[in-house]
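In: The following block contains a protein sequence and its predicted model.
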Number of protein chains: 2
Amino acid sequence: MAEEGKNRITVDIYGEPYTIVGPEQAGHVRMVADTVDDKMREIKKNNPNLDTKRLAVLTSVNIVNDYMKLQEKWDQMQENQRKEED
Amino acid sequence: MAEEGKNRITVDIYGEPYTIVGPEQAGHVRMVADTVDDKMREIKKNNPNLDTKRLAVLTSVNIVNDYMKLQEKWDQMQENQRKEED
């Protein structure tokens, strides 16, 4: 999302501006940024001593974990569909 | 993933140790950590001047973007299935 395309959108995440360059529309980029901001604040609430760098890394860990769970559900559903088609 | 459960697993992400506490198995946590580490290095390659905090935030942005795309595919598939069942 960060390298290609034409749109340059500046968003605020955890109090700092980030310019995102990519093909996505501004509304989508803002929704993504808000999600990251929300997750960071949620994790910070439970881990108040984390500095921002470690907080951001742990936010990535949480999101990748969520992604993998959704990916597993997706793979399982594809597999079930293949079985039904046999 | 970071707060509940019994397993305490220490992983290395971008050269620093993180202790992850949660219900997930060690192998899964290591896979998640490796994915975050890979993504950070990939984004750093394209943005060599980023400091680690901003790199970690942009990594979160990229992963949330991927997550939302997969979520859309998932929602679309659920919708198609509902239509087929009608």
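Out: All right, it came through fine.
In: for chain A, which helix is longest?
Out: helix A:52-85 (DSSP state H).
In: Tell me, how many residues neighbour the residue in chain A positioned nearest to chain B?
Out: The nearest approach of chain A to chain B comes at residue A:56, 3.4 Å away (Cβ to the nearest Cβ). All C-beta spots, glycine's among them, are computed from the backbone N, C-alpha and C. Close neighbours of residue A:56, defined as other Cβ atoms under 10 Å in any protein chain shown, add up to 28.
In: Same question for the one 5 residues further on.
Out: Counted with other Cβ under 10 Å, the burial measure for residue A:61 works out to 28 neighbours.
In: Am I right that it is in contact with residue B:30?
Out: No - applying Cβ atoms under 8 Å, one finds residue A:61 not in contact with residue B:30, separated by 11.1 Å.
In: Can you get me a residue count around residue A:49?
Out: As a burial measure, residue A:49 scores 7 neighbours (other Cβ under 10 Å).
In: Give me the nearest residue to residue A:30, chain neighbours excluded.
Out: With sequence-adjacent residues excluded and distances taken as Cβ to Cβ, 6 or more residues apart in numbering or on different chains, residue A:30 is closest to residue A:11, at 5.9 Å.
In: Now do the SS call for the one you found.
Out: Secondary structure, DSSP: H, G, I helix; E, B strand; the rest coil: residue A:11 is strand.
In: thinking again about what came up before, wouldn't the residue of chain A closest to chain B be in contact with residue B:61 here?
Out: No - using Cβ under 8 Å, residue A:56 is not in contact with residue B:61; the gap is 10.0 Å.
In: overlap in contacts of those two?
Out: Listed as contacting both residue A:56 and residue B:61 by Cβ atoms under 8 Å, 6 or more residues apart in numbering or on different chains is no residue at all.
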